[in-house]
Each structure stands twice: as structure tokens, then as C-alpha cells.
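A.B. asks: task: produce atomic coordinates for the following.
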Amino acid sequence: MALAPSRLSKTGNRTKTNNQKTSRAGEELSANYRRDLRLGYLIHDVSRLRRTAFDQLVKPRGVTRAQWWVIAFLARQDGASQTQLANILDIGKAGLGSLLDRLEAGGWVERRPDPIDRRAKRIFLTRKSSRLLEWMRSVERSFNDQILTGVSSEERSELIRLLSKLKEALAEMNRDGARPDE
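C.D. replies: As a prediction, this is how the structure comes out:
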């Protein structure tokens with residue numbers, strides 16, 4: 001189907017036909033879609049590349065990504081139950097149990113009975129983990145300095161603000177069990 005030619009207005013300027021307006025709106029929507037899709041890929045890629053690079057830094061300490069992730073979480077909430085830990089880290093209970101077995105055998109964590117619920121276990125960091133966390137914090141400071149070179153303090157604050165908004169929107173979707181519009 002051919003587009004209707006533009007018409008001249010009384011002033012001699014060309015006016016756009018409805019088909020041309022629709023085409024431009026579609027191009028704009030398509031450009032916005034491509035931009036937002038790229039944003040999603042960038043967020044994923046940055047997260048993946050950051051974890052992979054950090055894995056290489058902690059590898060000489062004999063700790064895997066899954067292990068340092070559990071240890072880092074427990075640094076914020078030491079004494080979490082296995083169920084809480086599985087839910088927050090989005091790991092199955094059986095998989096977490098095996099991971100905790102390895103961490104416990106390595107002296108990184110200890111399981112203790114829950115004082116209220118005899119069936120539950122609470123997970124606590126050991127002194128060995130505390131030393132690892134201290135070292136990881138030091139390494140992370142220089143790691144962040146390196147990867148954030150060229151990003152101003154204001155840009156960092158803005159990035160945190162924007163990513164926090166995305167995180168909250170995703171958390172709300174997860175709480176509500178909502179799915180994106182189909």
C-alpha cells in the first residue's frame with residue numbers, strides 16, 4: 001500500500017498524512033522498545049560480569065560464588081534460618097542444604113538449633129568467615145574503585161537511586177505475584 005503524498009498547507013509547507021504520523025509513532029515506539037531491551041541486557045550483563053570478576057578475586061581463598069554469596073548474606077543477617085536463607089537467595093532447600101554442608105565442613109558456618117522451633121536450624125558465621133568478610137570488604141573497595149573509574153560521585157548516587165527504583169518495582173511485582181502485561 002502506497003502512502004498518500006504530503007499536502008501543501010496554505011503557507012506552502014508540507015503537512016504529514018495520517019499514515020506518516022502513524023509510521024513515525026511506530027518508529028518511536030520501536031526505538032523505545034529497543035532502548036529498554038538494551039537496558040535490560042546491560043543490567044544483566046553488568047551483574048554477571050561483576051560477579052565473574054569478583055569470583056576470580058576470591059577464588060584463591062577457596063570460596064565459590066555460591067559460598068561467598070551465602071557468607072555475604074549472613075554478614076547482614078547472621079543467624080538466619082535455613083528456610084529464610086533459601087527464600088532470600090532463591091535456592092532450593094535441598095541445594096542450600098548441600099551448600100551449607102560444604103560451608104560447615106570448611107569451617108565457614110555453623111548450624112545451631114532454633115531456640116523456639118526444634119525442627120529449624122539457624123546458620124551462623126564463624127571466626128574464619130569473619131576474617132574472609134574483612135578481606136572481601138577490602139578487596140571489594142579496590143574492585144569498586146577500579147570498575148567505577150570515570151563515574152562521578154553524583155552519577156554513582158543517581159545510578160543507585162535509579163536501580164533502587166527498579167529493584168522496588170520488581171520486588172513489588174514478586175510480592176503481588178503480578179506478571180507483566182501480556
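A.B. asks: what pLDDT does the closest residue to residue 51 other than its chain neighbours get?
C.D. replies: Of all residues not flanking residue 51 in the chain, residue 65 sits nearest, at 6.2 Å (Cβ to Cβ, 6 or more residues apart in numbering). C-beta here means a position set from N, CA and C on the backbone, and glycine is covered the same way. At residue 65, the model reports a pLDDT of 88.
A.B. asks: around residue 65, how many other residues sit close by?
C.D. replies: Residue 65 has 13 neighbours, counted by other Cβ atoms under 10 Å.
A.B. asks: and what of the one 3 residues further on?
C.D. replies: Using other Cβ under 10 Å, residue 68 has 23 other residues around it.
A.B. asks: show me where the chain has helices.
C.D. replies: 18-58, 65-76, 82-89, 93-105, 127-147, 153-176 (DSSP state H).
A.B. asks: out of those helices, which gets nearest to residue 114?
C.D. replies: Of all those, it is helix 82-89 that lies closest to residue 114, at 9.5 Å by Cβ to Cβ.
A.B. asks: where does this structure dip in pLDDT?
C.D. replies: Scanning the chain for pLDDT under 70 picks out 1-26, 178-182.
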